[in-house]
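>>> Got a sequence here, can you build the structure:
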Amino acid sequence: MRILVVLILLFTVLVSFHSYASDNLELINAVEKGNVSKVEALLNGDANVNARRNNDTALVIASYYGYTKIVAILLDHGADINARNSGGFTALFLAVGNRHAEVVNELLEKGADVNIKSKAGATALIAASQVGHPAIIRELLEKDADINAQTMDGATALIVASQKGHIESVKVLLKKGADANIQMESGTTALIVATQKGYLDIVKELLKKDTNLNIQSKSGVTALFFACQLGYIEIAKELLNKGAAIDIQTKKGFTALMVASQLGYFEIVKELLKKGAYVNMQTMDGKTALMLTSQTDHIEIINLLKQSN
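Purely as a prediction, here's the structure:
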């Protein structure tokens, strides 16, 4: 008789657990489909508002899809607003990354932590800069988002916005005091990445601030070097007019003049020489710009270097 009672109790527990688990799965599915009425019904029943599927909570999923009303319902039922998934992403981060401004507003109004980092070290502000959403950037900064927070590899919101070419986001970040001289692990800065991408408008914005033109990457490369290496004459002129040092050498001893000459950028070479570039600088193995260019068919540049020499 006692064994029968135990078995009945065990069966009851198993049935209850199955029903509980089923409700949780139904909740996740209802959230994913944007079914507001079903979400409400399940939450008013036995569903766990913080139930997970593949480590994503219902709130994380609703925020990812931009379901503002469901997000509000979940929060009203006590959803963990700062819960993270496997990648360390919160509901706020995913709403920002998918440009769901209304959801972002709802989460911020309910007290979401703006400075939680993903496993890669990214914050919601960095995500907003990645997708180029100035309005969300402003809203996050009003909630005290760390404007100079860095990812694991050292990228800031400003560096990311500069790299992606989001000029309006760059303007907002600079106006709010973003540090333009922070370096990534590789040594690159916002100015360097903007130059690499050829974003003249962003370079100009960065140069309006107290930006160090001569910061070198770990390989010793400056923004001017990249402009000359990639043939961006207008960026090179902008940097030179703002006082960029011309003869800085990379770790291997190369200068902006050497790389521009070797690659055949005649107008850039003329500009560098006009600004006083030293023709006889040598690489670590003793080669000058003329020596390097003599191995090419850039005759005009070879003659120009000879005349300057």
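>>> so where does residue 239 fall, helix or strand?
If you go by DSSP states H and E, residue 239 is part of helix 233-241.
>>> So what touches that helix?
195, 198, 200, 203-204, 207, 213, 223-224, 227-228, 246, 256, 260, 265, 267-268, 271-272, 275 (CB atoms under 8 Å, 6 or more residues apart in numbering). C-betas here are computed from N, CA, C, even on glycine.
>>> average pLDDT for that helix?
Helix 233-241 shows a mean pLDDT of 98.
>>> Now do the buried residues in that helix.
233, 235-240 (16 or more other CB atoms under 10 Å).
>>> For the protein, which segments count as strands?
52-53, 56-57 (DSSP state E).
>>> of the buried residues of helix 233-241, closest to residue 87?
Of all those, residue 87 sits closest to residue 235, with 35.5 Å by CB to CB.
>>> which one is that closest one nearest to, not counting chain neighbours?
Once flanking residues are discounted, residue 235 sits nearest to residue 227: 4.3 Å by CB to CB, 6 or more residues apart in numbering.
>>> what about that neighbour, how many neighbours?
Counted with other CB atoms under 10 Å, residues neighbouring residue 227 total 30.
>>> Just the pLDDT at the closest residue to residue 208 other than its chain neighbours, thanks.
Spatial nearest neighbour of residue 208, chain neighbours left out: residue 174 (7.5 Å); criterion: CB to CB, 6+ apart. The confidence metric pLDDT takes the value 98 at residue 174.
>>> what does residue 137 give?
What the model reports for residue 137 is a pLDDT of 98.
>>> and what of residue 8?
35.
>>> sorry, back to before: buried members of the contacts of helix 233-241 into ChimeraX, please.
The buried residues among the contacts of helix 233-241 can be selected in ChimeraX (16+ other CB under 10 Å) with this line:
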select :195,198,200,203,207,213,223,224,227,228,246,256,260,265,268,271,272,275
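>>> sorry, back to before: most tightly packed of the strands of the chain?
The highest mean neighbour count among those, using mean count of other CB atoms under 10 Å, belongs to strand 56-57: a mean of 24.
>>> can you pull out the helices in the stretch 51-200 of the chain?
With DSSP state H, counting those that start in this stretch as the criterion, the stretch 51-200 of the chain has helices at 58-65, 68-76, 91-97, 101-109, 124-131, 134-142, 157-164, 167-175, 190-197, 200-207.
>>> Show me the contact partners of the fifth one.
Pointing back at helix 124-131 there. Applying CB under 8 Å, 6+ apart, the contact partners of helix 124-131 are 90, 92-93, 96-99, 114-116, 122, 136-137, 140-141, 145-147, 149, 151, 155-158, 160-161, 164, 166, 169, 173.
>>> Report the buried residues of that helix.
Neighbour-count burial for helix 124-131 [16+ other CB under 10 Å]: 124-131.
>>> how much space is there between the residue nearest to residue 208 and residue 242?
16 Å (CB to CB, to the nearest Å).
>>> repeat for residue 93
36 Å.
>>> Compute the first-to-last residue distance for stretch 149-156.
Its start and end residues considered, stretch 149-156 measures 6 Å (CA to CA, to the nearest Å).
>>> So what's the model's average confidence on that stretch?
Taken as a whole, stretch 149-156 carries a mean pLDDT of 98.
>>> quick one: buried residues of that stretch?
Judged by neighbour count (16+ other CB under 10 Å), stretch 149-156 contains these buried residues: 149-151, 154-156.
>>> Residues touching it, excluding its own?
For stretch 149-156, contacts defined as CB under 8 Å, 6+ apart pick out 115, 117, 120-123, 125-126, 147-148, 157, 163, 178-179, 182-186, 190.
>>> now swap in stretch 102-114 and tell me
62-63, 66-68, 71-72, 75, 81-82, 90-92, 95-96, 123-125, 136, 139-140, 143-145.
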